[in-house]
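Undergrad: Based on what follows, work out the 3D shape:
(chains A and B)
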Protein chains: 2
Amino acid sequence: MDFQDYFPVWNRLTAAQQNQLLSGLTSRKAKKGTILHNGSADCTGLLLIKTGQLRAYILSDEGREITIYRLFDRDMCLFSASCILNSIQFEITITAEKDTEFWLIPSELYKNLLTESAPLANYTNELMAARFSDVMWLIEQVLWKSLDKRLATFLLEEAAIEDSNELKITHEIIANHLGSHREVITRMLRYFQSDGIVKLSRGKITLLNPERLEALASS
Amino acid sequence: MDFQDYFPVWNRLTAAQQNQLLSGLTSRKAKKGTILHNGSADCTGLLLIKTGQLRAYILSDEGREITIYRLFDRDMCLFSASCILNSIQFEITITAEKDTEFWLIPSELYKNLLTESAPLANYTNELMAARFSDVMWLIEQVLWKSLDKRLATFLLEEAAIEDSNELKITHEIIANHLGSHREVITRMLRYFQSDGIVKLSRGKITLLNPERLEALASS
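TA: You can find the predicted model right below:
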């Protein structure tokens, strides 16, 4: 599969624009754990994921983290090129959660194409609207859902991503996804364990009763 | 002042596009308290504010509210036309916080102009990015700021908007802005009062010591 097959509005660009894109982009690989973008000072470029998984998160002054959204195969990461939009005034960090292969589109190139291509600008609008919806979902979760429900939702999401009920993940990492503390997550997981919903072992959480988790998540 | 002077990318539209806009828009007035947009089923159109003040908020299943952002003179409200973007998947309510005069641009008309005008699509991108930044600010507040600091920030913001240290606002309304409960806000305001920072009277809060509030808000 080529870039052309991955890039959603490819057929709506002019031949000149297509050539500009192809000659400017580069194919990259990032190992799991690599930081691909770090705050607004950094204007990495847009990342179009071939295979892999990225995580976008924010950091508090005290070093706490919360996941804002995650991106998977075929997703485009816009905020790694936040400099192309003057009105973006927040700092986001993007890391590879798995080994990831992607195309990097330089920010300047994309910005130039945006000014002349309405289809590209409208596609970019839809991209941002999708991330906006992710963030609004997160606000509702944080404000109005208790942590037990959010943890249940997270464990089910992880099981779906990994296609397994055995999750190799630490309590610390879960806390960083949910904007919580390790101790709080450990306490909640032990409560789930005493209830027979999960089984905890070193560096591993086994979902014993996904149906109960589903019920909890949607309650 | 005419619409032309308020609409930011007016000069970058073609004469035909300008005519389409002018013939489609209507000038409206809304009394304080009017609900202008209610969730995604409603596709009101874009609102360009001449004078006044709008509030965008979300509601929980239990009827709790939190303010997402506020719009003032010359601001454009995009999410009252959320149907023009397929990827918007959240419900927002927009009310007039003061008597407001605005132009209403029908959603279909704006959507048609977007498909052909790169300047308009890029302006729309900037609009959404600005609201995105508001929402990210809110997430950081909710996650990482204690309520006393958020309340101090809110009181100072209100004083700036009203250009007065005497705020005619109920504890219930403050709770709805901050996603909190009236009882919690009352308790916190009484604590501020005992500390000599504010004076409470029926339906009114007087800021006695804005410097202390500033210090609290930025601590």
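Undergrad: who's in contact with the residue in chain A that chain B sits nearest to?
TA: Taking CB to the nearest CB, chain B has its nearest neighbour within chain A at A:Ala121, 3.4 Å off. Bear in mind the C-beta positions are built from the backbone N, C-alpha and C, glycine included. A:Ala121 makes contact with A:Leu114, B:Ala118, B:Ala121, B:Asn122, B:Thr124, B:Asn125, according to CB atoms under 8 Å, 6 or more residues apart in numbering or on different chains.
Undergrad: farthest pair in the residues you listed?
TA: A:Leu114 and B:Thr124 (11.6 Å; CB to CB).
Undergrad: In terms of neighbours, single out the busier of those two.
TA: Set A:Leu114 next to B:Thr124 and count neighbours by other CB atoms under 10 Å in any protein chain shown: B:Thr124 wins out with 27 against 19.
Undergrad: ok, the more buried one to A:Ser27 distance?
TA: 31 Å (CB to CB, to the nearest Å).
Undergrad: Closest to the centroid, which residue in chain A?
TA: Chain A has A:Arg70 as the residue nearest its centroid, 1.5 Å off, counting by CA atoms, centre = their mean.
Undergrad: A:Met76 pairs with what?
TA: Beta-bridge partners for A:Met76, by DSSP bridges, are A:Leu48.
Undergrad: Go ahead and confirm it touches A:Lys50.
TA: No - counting by CB atoms under 8 Å, A:Met76 does not reach A:Lys50; the two are 11.4 Å apart.
Undergrad: the more surrounded of those two?
TA: A:Met76 (21 against 17).
Undergrad: residue contacts, the more buried one?
TA: A:Pro8, A:Leu46, A:Leu47, A:Leu48, A:Ile49, A:Leu127.
Undergrad: Make JSON lines out of those residues and add neighbour count and pLDDT.
TA: Shown next, in JSON lines, are the contacts of A:Met76 (neighbours: other CB atoms under 10 Å in any protein chain shown; pLDDT from 0 to 100):
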{"residue": "A:Pro8", "neighbour count": "14", "pLDDT": "92"}
{"residue": "A:Leu46", "neighbour count": "22", "pLDDT": "96"}
{"residue": "A:Leu47", "neighbour count": "27", "pLDDT": "97"}
{"residue": "A:Leu48", "neighbour count": "19", "pLDDT": "97"}
{"residue": "A:Ile49", "neighbour count": "20", "pLDDT": "97"}
{"residue": "A:Leu127", "neighbour count": "19", "pLDDT": "96"}
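Undergrad: out of those residues, what pair is the most spread apart?
TA: So, the contacts of A:Met76 by CB to CB: farthest apart are A:Pro8 and A:Leu47, at 14.2 Å.
Undergrad: that older thread, which of the contacts of A:Ala121 fall in helices?
TA: A:Leu114, B:Ala118, B:Ala121, B:Asn122, B:Thr124, B:Asn125 (DSSP state H).
Undergrad: Touching, the last one and A:Thr124? I think so.
TA: Yes - the pair formed by B:Asn125 and A:Thr124 meets the contact definition of CB under 8 Å, at 5.7 Å.
Undergrad: what do those two both touch?
TA: Joint contacts of B:Asn125 and A:Thr124 (CB under 8 Å, 6+ apart) are A:Leu114.
Undergrad: Break down chain A into its helices, ranges please.
TA: According to DSSP H, the helices that chain A contains are A:3-6, A:15-24, A:107-116, A:118-144, A:147-162, A:171-178, A:182-194, A:210-217.
Undergrad: Dig out what A:Ala56 forms beta bridges with.
TA: A:Tyr69, A:Ile94.
Undergrad: That one - how many residues pack around it?
TA: 22.
Undergrad: same thing with the one 10 residues further on?
TA: A count of neighbours around A:Ile66, defined by other CB under 10 Å, yields 20.
Undergrad: thinking it is in contact with A:His181, fair?
TA: No - counting by CB under 8 Å, no contact exists between A:Ile66 and A:His181, whose distance comes to 11.7 Å.
Undergrad: My guess is A:Glu140 contacts B:Glu62. True?
TA: No - using CB under 8 Å, A:Glu140 is not in contact with B:Glu62; the gap is 11.9 Å.
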